[in-house]
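J.: For reference, the sequence and a predicted model appear below.
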Amino acid sequence: MKIYEELQSRGLIAQVTDETEIRELINNGGARFYIGFDPTADSLHVGHFMALCLMKRLQMAGNKPVVLLGGGTGFIGDPSGRTDMRAMMDADTIKHNCECFLKQIGKFIEFGEDKAIVVNNADWLLDLKYIDLLREVGACFSVNNMLRAECYKQRMERGLSFFEFNYMIMQSYDFWYLNEHYGCNMQFGGDDQWSNMLAGTELIRKKSGKDAYAMTITLLLNSEGKKMGKTAKGAVWLDPEKTAPFDFYQYWRNVDDADVMKCIKMLTFIPLDEIADMETWPDSRINEKKEILAYALTTLVHGEEEAKKAQTTSKALFSGGDDDSLMPTTEVPAGTLVEGETGVIDLLVLSGIAKSRGEARRLIEQGGITLDGEAVTDFGKKVTAEQLKNGVKLRKGKKTHRKFILA
């Protein structure tokens, strides 16, 4: 099976501009393709994960990736899939975030001569002159067509700034520039990018008379139609400092039963014939499938050693074992203690298990919190410095464990 057919079998392809041409290009290693990453944070998250895996799959099949860091478009912010305008970032923040992204992307694809390259659209976008852009590029865009694009339509009722309205033009210019200077003939992205990507192929056709292609990746949605990759504490990050490897493992270990096989197909590199065999397993083996998923993805992002640690800790905790050496741990600053004590509510908020004191109180009220194995029923429950020196263990429900020690 060739790579295009494999992508189809895994359910990764959402929309394509020219299926026959794209199939031939990527099956024969002829794609010089790019995927853009706007530096909206100092770490990539699960939402980027499918794009990274796609780049890896295509590179393994002989195609050449171009990683585009959005050092220029990051100054604007993509309105696609947004109900409000993104917060503006300064130049130093954008530069720092780009550097963080590149370190993480390097774990998935191989850079080097005749392999993958990285470019930053700040190198050309920030030097554009407004009048020249209007004459050379603006004339190629129809405002009527732009307003019909899904990425803009969903914002019209709440208001779309002219600032954001330019994003499609900037992304299209990127594709044209990469086509002209790097021979980039394809763009890949999430399915919510379809309008922007079509605009890029059209700009290349109008300005250069060349054919260029676009393919969108299926968005990673759960069985309820919601984007995967978020928890009560926020996004699931690829940076181990923001989402610990154990928490990353646990996220995938705890996905809904209905989503397990889809995630295994779309995100792992497990061969399709093995996946087909797993689909015949009885329902009684669902936890085994979840462990396979969690281990495979944690290995991809954090390495096999961290995956083994996370797996070992998970099995110890959920089998009632006493080994807490690898349990996610939060240090409690001594300066936060009042008269040598701190409250359970404070610990829940400090660790991010609860977003607020109000949420922490609701968790306790609902009987969802235990401290060292005993249910917490008192909102004013305290933990002493002496207890923290030895370490105390909080649990929310059955799946969230946290150890607290005195810093």
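T.: Here it is on my side, so go on.
J.: For this protein, identify the residue most remote from the centre.
T.: Most distant residue from the mean C-alpha position of the chain: Glu339, 42.4 Å away (CA atoms, centre = their mean).
J.: For Val392, see how far away it is.
T.: Look at Glu339 and Val392: by CB to CB, to the nearest Å, they are 18 Å apart. Using the backbone N, CA and C atoms, a C-beta is placed for each residue, glycine as well.
J.: any idea how far Phe269 is from Lys206?
T.: Computed with CB to CB, the distance linking Lys206 and Phe269 is 39 Å.
J.: Report pLDDT for the closest residue to Arg357 other than its chain neighbours.
T.: In this structure, Arg357 finds its nearest non-sequential neighbour in Ile345, 5.5 Å apart by CB to CB, 6 or more residues apart in numbering. In this model, Ile345 is scored at 89, pLDDT.
J.: what comes up buried for stretch 254-274?
T.: Val255, Asp259, Val260, Met261, Lys262, Cys263, Ile264, Lys265, Met266, Leu267, Thr268 (16 or more other CB atoms under 10 Å).
J.: Show me what the mean pLDDT comes to for stretch 185-202.
T.: For stretch 185-202, mean pLDDT is 91.
J.: Quick one: end-to-end distance for that stretch.
T.: 13 Å (CA to CA, to the nearest Å).
J.: Report the secondary structure state of Trp194.
T.: Classification of Trp194 using DSSP: H, G, I helix; E, B strand; the rest coil returns helix.
J.: what's the burial count for it?
T.: For Trp194, the neighbour count with other CB atoms under 10 Å is 20.
J.: how about it, what does it touch?
T.: Trp194 makes contact with Ala14, Gln15, Glu150, Ala214, Thr216, according to CB atoms under 8 Å, 6 or more residues apart in numbering.
J.: ok, the helix or strand containing the last one: who's next to it in the sheet?
T.: Thr216 is part of strand 213-217, with elements assigned from DSSP states H and E. According to DSSP bridges, strand 213-217 has the following sheet partners: strand 13-16 (antiparallel), strand 186-190 (parallel).
J.: Could I get the full set of helices for the stretch 1-150 of the chain?
T.: Counting by DSSP state H, counting those that start in this stretch, the stretch 1-150 of the chain has these helices, from start to end: 3-9, 19-27, 46-60, 91-105, 122-125, 130-136, 143-148, 150-153.
J.: I'd like those helices laid out as CSV, including mean pLDDT.
T.: Shown next, in CSV, are the helices of the stretch 1-150 of the chain (pLDDT from 0 to 100):
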stretch, mean pLDDT
helix 3-9, 97
helix 19-27, 96
helix 46-60, 93
helix 91-105, 92
helix 122-125, 92
helix 130-136, 81
helix 143-148, 71
helix 150-153, 63
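J.: Most tightly packed of those?
T.: helix 46-60 (a mean of 20; mean count of other CB atoms under 10 Å).
J.: what's in contact with that helix?
T.: Residues outside helix 46-60 that contact it (CB under 8 Å, 6+ apart): 3, 6-7, 12, 26, 31, 33, 35, 37, 44, 65, 67, 105, 108-110, 115-116, 188-190, 217-218, 220, 227-230, 235-238, 251, 266-267, 269, 297, 300-301.
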